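Colleague: pasting a predicted model and its sequence here:
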Amino acid sequence: MDGPTAPAQTGNVSAGGGALSRPAWLPELVPTPLFRLVVALAAVAVAYYCARLARQALGRRVARRFKRPSVSRTILGAIQASVVVVGVIVGLGVFGFRLGNLALSVGVFSAVVGIVLAPIIGNVLSGIFILNEQPYEIGDMVELSDVDTKGFVEEITLLYTKVFTLDNTFLVLPNGSMRERDVVNYSAEDARIRMTLEVGVTYESDLETARAQMEAAASGVDRVIEGGPDIRVGSARYPAAPTCYIRQFGDSEVLLRLRYWVEEPYKQTAVRSAVMTNVWRRFDDHDIEIPYPHRHMVFDDTSGDLSVTTRDGRPGTDEEREQTSAEGGATRRDDGATDSR
């Protein structure tokens with residue numbers, strides 16, 4: 001006589017690694033696929049909220065351990081993503097999926113890696129190098145030289161870097177391209193930045209006065225460092241006060257170069273405009289002339305007719321003016337001006 005039959009196992013995953021079996025207490029009106037879907041979604045939801053709780057619980061500890069915001073955010077994001085991935089795996093297990101079922105053939109796997117995963121892996125590796133080399137940090141002001149765009153680093157992840165531009169737009173740049181392009185960091189070590197202004201003056205101008213007025217023009221602008229201890233850049237030291245040098249002797253001008261330090265790089269255009277405005281006013285007050293090109297136009301018999309107005313102040317009779325008009329195509333008025341008709 002056969003022994004008693006073992007009761008069927010319910011409410012768990014079958015021993016053969018299949019999907020979650022239907023529990024005995026579940027009403028017959030509820031289909032089994034719907035029950036499994038609800039359980040899978042619940043597993044993912046619980047994992048998501050557990051991930052958020054883990055991020056909140058470990059946030060301060062990780063921030064104290066890693067001083068750089070980009071590194072601490074990356075670590076917390078990895079922890080949160082790991083917990084969610086575990087929840088997704090549990091949810092797939094409810095339907096009977098296992099990691100072994102997701103294995104692909106060697107050829108298909110190679111194609112997927114080469115086409116899809118290769119750029120992602122490249123960006124991840126570049127993100128690791130960026131986090132390690134520290135070329136920029138969250139909050140730094142940077143300039144992308146190839147596109148002539150300035151902005152602030154908003155976020156750094158393993159895949160991309162987000163830059164908030166000065167035009168109130170976002171740039172999401174893959175880390176692979178960020179490592180390949182030239183990135184100018186204006187606020188990595190010292191927020192002070194040195195700016196340069198070149199102005200040419202005529203050879204008849206007083207060079208010492210011109211240099212002094214350019215230095216005074218920069219000193220009178222807000223955010224420009226007026227003086228103090230020398231500013232150290234690497235092993236070199238530079239004067240903190242605005243300083244004007246003679247750059248070169250040109251064909252028709254003496255080129256002067258003004259160098260001045262600004263407290264912060266966030267308003268370079270406004271500061272440069274204010275300095276140039278002061279230079280213009282001071283040059284005008286001290287009769288310092290900025291040269292500009294002069295052109296001489298030569299006309300011959302093949303150039304056609306040209307009407308000219310002059311103001312030489314020479315007297316002339318009506319007959320002379322009429323003769324001038326007939327010969328040269330212009331008339332001379334009583335006030336000494338020649339009017340083209």
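Modeller: It's in. Numbering: from 1, shown residues only.

Colleague: ends of stretch 256-274, how far apart?
Modeller: Here the two ends of stretch 256-274 are set 18 Å apart, with distance taken as Cα to Cα, to the nearest Å.

Colleague: buried ones in that stretch?
Modeller: 256-262, 265-266, 268, 271-272, 274 (16 or more other Cβ atoms under 10 Å). The way it works is simple: take the backbone N, C-alpha and C, and place the C-beta from them, glycine included.

Colleague: among these, which two are most distant?
Modeller: Put simply, by Cβ to Cβ the two of the buried residues of stretch 256-274 set farthest apart are Leu256 and Tyr266, 27.0 Å from each other.

Colleague: which of the buried residues of stretch 256-274 sits closest to Val44?
Modeller: When the buried residues of stretch 256-274 are ranked by distance to Val44 (Cβ to Cβ), Tyr266 comes first, at 43.6 Å.

Colleague: ok, now which ones touch that closest one?
Modeller: Applying Cβ atoms under 8 Å, 6 or more residues apart in numbering, we find Tyr266 in contact with Met141.

Colleague: what pLDDT is listed against it?
Modeller: On the pLDDT scale, Tyr266 is placed at 84.

Colleague: make sure it is indeed in a strand.
Modeller: No. The assignment for Tyr266 by DSSP: H, G, I helix; E, B strand; the rest coil gives helix, which leaves it out of any strand.

Colleague: Val147: neighbour count?
Modeller: Counted with other Cβ atoms under 10 Å, the neighbours of Val147 add up to 11.

Colleague: that one - that's part of a helix, no?
Modeller: No. When classified by three-state DSSP, Val147 is found to be coil rather than part of a helix.

Colleague: quick one, what contacts it?
Modeller: For Val147, no residue counts as a contact, taking Cβ under 8 Å, 6+ apart as the criterion.

Colleague: repeat that with 10 Å
Modeller: Val147 is in contact with 165, 171, 173, 181, counting by Cβ atoms under 10 Å, 6 or more residues apart in numbering.

Colleague: where along this protein do the helices fall?
Modeller: 32-65, 69-94, 106-112, 118-133, 175-180, 207-219, 268-285, 318-328 (DSSP state H).

Colleague: reformat the ones you listed as a markdown table; add distance to Tyr186.
Modeller: Rendered in a markdown table, the data for the helices of the chain read as follows (distance: least, Cβ to Cβ, whole Å):
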| stretch | distance to Tyr186 |
| --- | --- |
| helix 32-65 | 25 |
| helix 69-94 | 17 |
| helix 106-112 | 41 |
| helix 118-133 | 17 |
| helix 175-180 | 16 |
| helix 207-219 | 19 |
| helix 268-285 | 9 |
| helix 318-328 | 62 |
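
Colleague: which among the ones you listed is found nearest to Glu143?
Modeller: helix 268-285 (10.0 Å).

Colleague: now the closest one against helix 207-219, angle please.
Modeller: Here the directions of helix 268-285 and helix 207-219 differ by 140 degrees (axes from the mean of the first three to the mean of the last three Cα atoms, to 10 degrees).

Colleague: can I get the buried part of the contacts of Val147 as one PyMOL selection?
Modeller: Buried subset of the contacts of Val147, written as a PyMOL selection, criterion 16+ other Cβ under 10 Å:
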select buried, resi 171+173
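
Colleague: just flag the most distant two among the contacts of Val147.
Modeller: Put simply, by Cβ to Cβ the two of those set farthest apart are Thr165 and Arg181, 14.9 Å from each other.

Colleague: in contact with Leu258, which residues?
Modeller: For Leu258, the contacting residues are 195-199, 211, 214-215, 217-218, 242-245, 247, 275-276, 279, by Cβ under 10 Å, 6+ apart.
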